[in-house]
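S.K.: this one's sequence-less:
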């Protein structure tokens with residue numbers, strides 16, 4: 001029997017169509033994301049990117065097409081079944097339990113896993129340390145800054161040991177320092193062999209961090225490619241970017257590189 005733990009899984013959409021009344025908002029959209037890569041869904045308002053994203057997470061059911069995880073049809077799975085299949089979802093809106101502490105927020109998810117209590121406590125300490133939440137671990141959700149809240153949400157998402165993480169507007173509602181902080185976190189996630197799908201209106205910060213992107217326009221994929229290809233394509237610049245747009249790619253720090261190397265080594269083991 002094949003060792004599925006060492007297989008690279010693929011989350012894929014095929015021919016997604018979504019209609020609201022007579023209006024088709026998503027029309028035959030295909031995209032995919034593999035473990036260990038960061039992929040962006042981009043596009044102007046009304047392009048269909050958010051609806052496409054929601055169909056991938058299980059929040060919206062398509063009229064046509066399907067979503068597969070390693071060729072297993074998960075199109076009609078609700079969000080909780082996506083989670084069981086290894087797909088974590090972080091909504092744009094604050095999802096921390098406001099009247100619970102940071103550590104209790106994370107522990108609430110760990111307690112739903114198959115880990116023993118001792119293993120849950122070890123994983124809690126590991127996540128608290130990794131996401132630099134030690135100083136705020138006793139703070140209630142209501143006391144967290146935007147960046148602290150996002151770090152708590154990502155740590156809590158990782159408590160289920162996902163194969164994929166869906167990030168809905170991760171840069172919304174946080175200050176520039178927190179945006180950079182989230183970019184560092186997301187960059188490191190792929191070295192844990194996690195596939196990341198991002199949709200965000202902040203095109204500059206999203207293009208900085210992704211490996212590949214899909215640009216939706218009027219419900220269809222207009223162009224796909226690496227950030228450099230997207231930023232230099234005249235059709236993309238005309239319909240989405242501006243002529244003076246300058247692509248600035250994310251630069252990992254030495255700490256990022258060390259964390260990535262450690263995560264990659266742990267995954268190989």
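M.R.: Now that the structure is in, tell me what you want to look at. Since this is a predicted model, take the numbers as computed values, not measurements.
S.K.: wait, residue 31 sits on residue 221?
M.R.: Yes: the pair residue 31 / residue 221 is scored as a contact, 7.0 Å apart, by Cβ atoms under 8 Å. For the C-beta atoms, the positions are set from N, CA and C on the backbone; glycine is no exception.
S.K.: pretty sure residue 88 is in contact with residue 162, am I right?
M.R.: Yes: Residue 88 is within contact range of residue 162, at 3.7 Å (criterion: Cβ under 8 Å).
S.K.: Pick out whichever of these two has more residues nearby.
M.R.: Each of residue 88 and residue 162 had its neighbours counted (other Cβ atoms under 10 Å), and the higher figure belongs to residue 88 (25 against 21).
S.K.: any idea of the pLDDT on that one?
M.R.: With respect to pLDDT, residue 88 has a value of 90.
S.K.: Name the residues of the helix or strand where it lies that come out as buried.
M.R.: In this assignment (DSSP states H and E), residue 88 forms part of strand 87-90. Across strand 87-90, burial judged by 16 or more other Cβ atoms under 10 Å covers 87, 88, 89, 90.
S.K.: Got phi/psi on residue 93?
M.R.: Per-residue torsions, residue 93: phi -70, psi 150 (degrees, to the nearest 10).
S.K.: Quick check: the gap between it and residue 181.
M.R.: 19 Å (Cβ to Cβ, to the nearest Å).
S.K.: which regions of the stretch 51-200 of the chain sit below the pLDDT cut-off?
M.R.: Along the stretch 51-200 of the chain, segments meeting pLDDT under 70 are nowhere present.
S.K.: those strands in it, which residues are they?
M.R.: 64-69, 72-73, 87-90, 164-168, 195-199 (DSSP state E, counting those that start in this stretch).
S.K.: Output these in TSV; the columns should cover distance to residue 243.
M.R.: Shown next, in TSV, are those (distance: least, Cβ to Cβ, whole Å):
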stretch	distance to residue 243
strand 64-69	35
strand 72-73	43
strand 87-90	33
strand 164-168	29
strand 195-199	24
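S.K.: can you tell which of the ones you listed is closest to residue 233?
M.R.: Judged by Cβ to Cβ, the one of those that comes nearest to residue 233 is strand 195-199, at 19.3 Å.
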